[in-house]
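1. I would like to see how this sequence folds:
(2 chains)
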Amino acid sequence: MMTRRPWYATVLMYAGLAFFLAFLGFPLVWLVSASFKSSQELNSLAVNLIPAQWDFSNYAAALERQNLIPAAANSLLVSVATMIITVLLSMPMAYALARLQGKLRAAGTIWILTSQVFPSILIIIPLFLLLRTISLNDTLLGLILVYVTFTMPFTLWMLQGYVAAIPVELEEAAEMDGANRFTILRRVVLPLLAPGLVATAMFTFVSAWNEFFLALVLLQSPELYTLPIALRSFLGAEGQTQLGPLAAGAVLATIPSLIIFGILQKKLTGGMLAGAVKG
Amino acid sequence: MKRIRGIGAIALAGVAALALTSCSQGSATRDSGDGEGGAVTLQFQSLSDQPATQAAVKKVVDSWNSENPDVQVEIIQAGWDGTYDKLITQFTGGTAPDIIHFEASSIASFAADGYLADLSDLIDPDLKSDISDGIWDSVTVGDEIIAYPSTLQSYMAFANADLLEQAGVEVPTGDSMTWDELAEIAKATTTAEHKGLGWGLASPTATMMSLSLGFDGGYFSGEGEDAKIEVGDDELAVPERIHEMAYTDQSLDLTSLTQSGSDVLASFYGGKVAMTVQGSFQVTNIAKDAPEGFNWVALPPIEGSAGALQAANPQTYSVNVDSEHVDESAEFLNYFMSADNLAEIAYADALIPSSGEARAALEEMAADNPAWTQVLASGEGLEGPPFLKADKYTEWKDTIATPAFQQYLADKISKEQLATQLSDGWADIAG
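-> Okay, here's the model as predicted:
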């Protein structure tokens, strides 16, 4: 028999949720607010969420000065390509890692964990020399390959957890019905793995979208700069910051990421429900 | 089934995107060299961050390019953040640009590693004699000049003239202002509503090292790996005076000590502090961002027992030792550094030009802004500091000096403990 939740518990729950959302959303709200403030207001002691005078010039400055639109296009290309390649490669590898037993699996696990230990600063010079040797330094393709290499261990680790959660009995039942290994993967595992794939894709996209250091070092031509590199141009020597244009640029940079999240999140929820029913 | 088709489509799109990426970019390994018709193309990595400065640099480059069809200069616009790591990778990988914009304290280690060309015999003799020995010293490693020093900043005090007047304090107007005067004004202007001085010292080492020269506080002697540290009364005079204003006189806003210089400007504009010490480049930001009717002045350079001396850490232009066109690069830089060009760039960036002729040109350009007179006056006391010669200075600064100064300014350790931490820390790092 179900007991009815008291009204005050519901109120408290929604109040808590509202507070949590406000807490999470405040930086974004503040960023949007700052992007519409004049430099005088940004440099005053007044703490206004609503700008005293709406100033749109920051957006014009952000777009004009630092070539944000070409940079956003570069970021989008790099992030989407990284996401697709990583997911495609991770999928079979994660399955193997989750289902295989023995020394190979142990070695794979150790490799994944070890590869997470090294900071990128340690390997950037050999990586740069390697890319130069194959004529891929200062190209977006080179950057994509590097991002895939850096993201892969974690996505693999993440995805193999999702594979492990799929009951092996389902695969055995399909085998009994005469399905071969490929059919099992395609018809049984892949649909159940959808939420994991979406989560992995989101993680990979955001990692590539926000990455700064590798892009800074590996890209030399200004026309290839990604968004974080373009935004960094608003920070000067001696801590000088063009706060208004930087905030405007950051708001613009957030939009594609939010759209991708919006699209993928629906798939994530749908996939989770599908998995739950089948499980 | 639908989902699988979707994945297939995404995979196809990915492959197409990759194909497009690789086709459109191809190999972009950048080498300077002979362009069309035998013209040389020099890559010039510029770090100018202000739009006005970028425009001024572009104007100089465009004018050079139109006058010199055989030697074309291509600007590669970069930013300050992460530049050291990027350059070290480029030098190691052999893809660094021909001409490199950076700052003196950061290029010394590149020079020590042999990445920068010796420019001693390529610098225009007139330009050489028009820049003080102290400034040349800041770009000299061993007996080689490894960069053209272009523009500099100093630390100077800005005051809210109305608050000074309310406190009955006359605005100092001489050639310099002593630390005692600064402390007296800070004390006189401190009330229940506001403090006399706001000083953004969240990253205090550069300020301490620079202003200590005014008390003969050099901290380091010797060069390279043999550099030795000495932390005596001269070296500790500046931190001690700041500490005294903060804790004994209580005329210095304690909150400001944990902020950046730019953060303190809000308190200055809002009348919460009567004076603030800032980098001289803030002169244009204050003119632009201060509220309407805000009555502010730049005070004379601050003078210690040894004079109004400060460390010269100029922005610099170096030439990659592996460039195939070192001579052409130097020729361009001689043109770039000519008085009118340098004055325009310095004016746009609100910095002090290194050469006397450029300073005179800038004085004319900024004649209607009295604050610039004080900015240029503060440039007279800039000299090459000993710390630029010490290998491992940057490591000491980041890991030892900054936390030690921060603890002292937070009143967590005594002056003696500060001296010990600075000395012992150097011994640990320099071995």
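
2. burial count for A:Ala52?
-> For A:Ala52, the neighbour count with other C-beta atoms under 10 Å in any protein chain shown is 12. Using the backbone N, CA and C atoms, a C-beta is placed for each residue, glycine as well.

3. in contact with B:Ser378, which residues?
-> Counting by C-beta atoms under 8 Å, 6 or more residues apart in numbering or on different chains, B:Ser378 makes contact with B:154-156, B:280, B:301, B:308, B:310, B:352.

4. surely B:Ala404 meets B:Ile413?
-> Yes - using C-beta atoms under 8 Å, B:Ala404 is in contact with B:Ile413, at 7.4 Å.

5. neighbour count: those two, which is higher?
-> Each of B:Ala404 and B:Ile413 has its neighbours counted (other C-beta under 10 Å); B:Ala404 has more, 24 against 17.

6. what do B:Ala404 and B:Ile413 both touch?
-> Residues within reach of B:Ala404 and of B:Ile413 at once, by C-beta under 8 Å, 6+ apart, are B:Gln421.

7. quick one: low-confidence ranges for the chain?
-> Picked chain A for this. For chain A, residues meeting the criterion pLDDT under 70 lie at A:1-3, A:66, A:237-240, A:267-279.

8. not what I meant, chain B
-> Chain B contains residues with pLDDT under 70 at B:1-37.

9. how is it partitioned into domains?
-> Per the record, chain B has its domains at B:40-151+B:314-374, B:155-312+B:391-430, by the TED database.

10. now distance to A:Ala46 too, for these, in a markdown table please.
-> Listed next are the domains of chain B as a markdown table, based on distance: least, C-beta to C-beta, whole Å:
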| stretch | distance to A:Ala46 |
| --- | --- |
| domain B:40-151+B:314-374 | 25 |
| domain B:155-312+B:391-430 | 8 |
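
11. ok, which of those domains comes nearest A:Leu89?
-> When the domains of chain B are compared by C-beta to C-beta, domain B:40-151+B:314-374 sits nearest A:Leu89, at 26.7 Å.

12. next one: that closest one to chain centre, how far?
-> 13 Å (C-alpha atoms, centre = their mean, to the nearest Å).

13. first to last residue in that domain, what's the distance?
-> Length of domain B:40-151+B:314-374, first residue to last, C-alpha to C-alpha, to the nearest Å: 42 Å.

14. near chain B, which residues of the stretch 51-200 of chain A?
-> Listed as neighbours of chain B in the stretch 51-200 of chain A under the rule C-beta under 8 Å from any C-beta of the partner chain: A:61, A:65, A:77, A:80-81, A:84-85, A:88, A:121, A:124-125, A:128-129, A:132, A:135-141, A:144, A:186, A:190-191, A:194, A:197.

15. let's go with 6 Å and repeat that
-> With the criterion set to C-beta under 6 Å from any C-beta of the partner chain, the stretch 51-200 of chain A comes near chain B through A:65, A:81, A:84, A:88, A:124-125, A:128-129, A:132, A:135, A:138-141.

16. re earlier: among the contacts of B:Ser378, which one is most surrounded by other residues?
-> B:Gln310 (29 neighbours).

17. distance of that one from B:Ser105?
-> Per C-beta to C-beta, to the nearest Å, B:Gln310 is found 14 Å from B:Ser105.

18. and B:Met156, by the same measure?
-> According to C-beta to C-beta, B:Met156 stands 20 Å off from B:Ser105.

19. same question, B:Asn369
-> Counting by C-beta to C-beta - B:Asn369 and B:Ser105 are separated by 29 Å.

20. between those two, which has more neighbouring residues?
-> B:Ser105 (20 against 14).

21. can you name the next helix or strand after the helix or strand that one falls within?
-> Following DSSP states H and E, one finds B:Ser105 within helix B:104-112. Per DSSP H and E, the first helix or strand lying C-terminal to helix B:104-112 is helix B:125-130.

22. so which bits of that next one are buried?
-> Of all the residues in helix B:125-130, those buried under the rule 16 or more other C-beta atoms under 10 Å in any protein chain shown are B:127, B:130.

23. ok, residues contacting whichever helix or strand comes after that helix?
-> Next helix or strand after helix B:125-130 toward the C-terminus (DSSP H and E): helix B:133-137. Contact partners of helix B:133-137, identified using C-beta atoms under 6 Å, 6 or more residues apart in numbering or on different chains, comprise B:149, B:312, B:354, B:383-384.

24. try 8 Å this time
-> For helix B:133-137, contacts defined as C-beta under 8 Å, 6+ apart pick out B:128, B:145, B:149, B:152, B:312, B:314, B:354, B:382-384.

25. same check, this time on stretch A:257-264
-> Applying C-beta under 8 Å, 6+ apart, the external contacts of stretch A:257-264 come out as A:198, A:201-202, A:205-206, A:209.

26. 6 Å instead, please
-> The contact list for stretch A:257-264, computed with C-beta under 6 Å, 6+ apart, reads A:198, A:202, A:205, A:209.

27. which non-adjacent residue is nearest the residue in the stretch 151-279 of chain A that chain B sits nearest to?
-> Across the stretch 151-279 of chain A, no residue is closer to chain B than A:Gly236, which sits at 3.6 Å (C-beta to the nearest C-beta). Among residues not flanking A:Gly236 along the chain, B:Asp49 sits closest, at 3.6 Å (C-beta to C-beta, 6 or more residues apart in numbering or on different chains).

28. tell me the SS of the one you found?
-> coil (DSSP: H, G, I helix; E, B strand; the rest coil).

29. and the gap between it and B:Tyr148?
-> Using C-beta to C-beta, B:Asp49 is found at 19 Å from B:Tyr148.

30. the two: which has the busier surroundings?
-> Per other C-beta under 10 Å, whichever of B:Asp49 and B:Tyr148 has more neighbours is B:Tyr148, with 30 against 23.

31. quick one: buried residues of stretch A:211-219?
-> A:211, A:213-219.

32. pretty sure the residue of the stretch 151-279 of chain A closest to chain B sits against B:Pro51.
-> No - taking contacts as C-beta atoms under 6 Å, A:Gly236 lies outside contact range of B:Pro51: 10.9 Å.

33. neighbour count winner among these two?
-> More crowded of A:Gly236 and B:Pro51, by other C-beta under 10 Å: A:Gly236, with 19 against 15.

34. and the closest residue to chain A within the stretch 201-350 of chain B, how many neighbours does it have?
-> With C-beta to the nearest C-beta, the shortest gap between the stretch 201-350 of chain B and chain A falls at B:Gly270, namely 3.7 Å. B:Gly270 has 16 neighbouring residues, counting by other C-beta under 10 Å.

35. residues contacting it?
-> When contacts are counted by C-beta under 6 Å, 6+ apart, B:Gly270 is found next to A:Leu45.

36. next, give phi and psi for it.
-> phi -80, psi 0 (degrees, to the nearest 10).

37. separation between it and A:Glu41?
-> B:Gly270 is 12 Å from A:Glu41, by C-beta to C-beta.

38. sorry, back to before: in a markdown table, list the buried residues of stretch A:211-219 along with secondary structure and distance to chain B.
-> Output for the buried residues of stretch A:211-219, formatted as a markdown table (DSSP: H, G, I helix; E, B strand; the rest coil; distance: C-beta to the nearest C-beta, whole Å):
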| residue | secondary structure | distance to chain B |
| --- | --- | --- |
| A:Glu211 | coil | 12 |
| A:Phe213 | helix | 6 |
| A:Leu214 | helix | 10 |
| A:Ala215 | helix | 10 |
| A:Leu216 | helix | 5 |
| A:Val217 | helix | 5 |
| A:Leu218 | helix | 8 |
| A:Leu219 | coil | 9 |
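
39. mind listing the strands whichever strand or helix holds B:Met156 pairs with, and their directions?
-> Under the criterion of DSSP H and E, B:Met156 resides in strand B:155-160. Sheet pairing for strand B:155-160, assigned by DSSP bridges, gives strand B:273-279 (antiparallel), strand B:296-298 (antiparallel).
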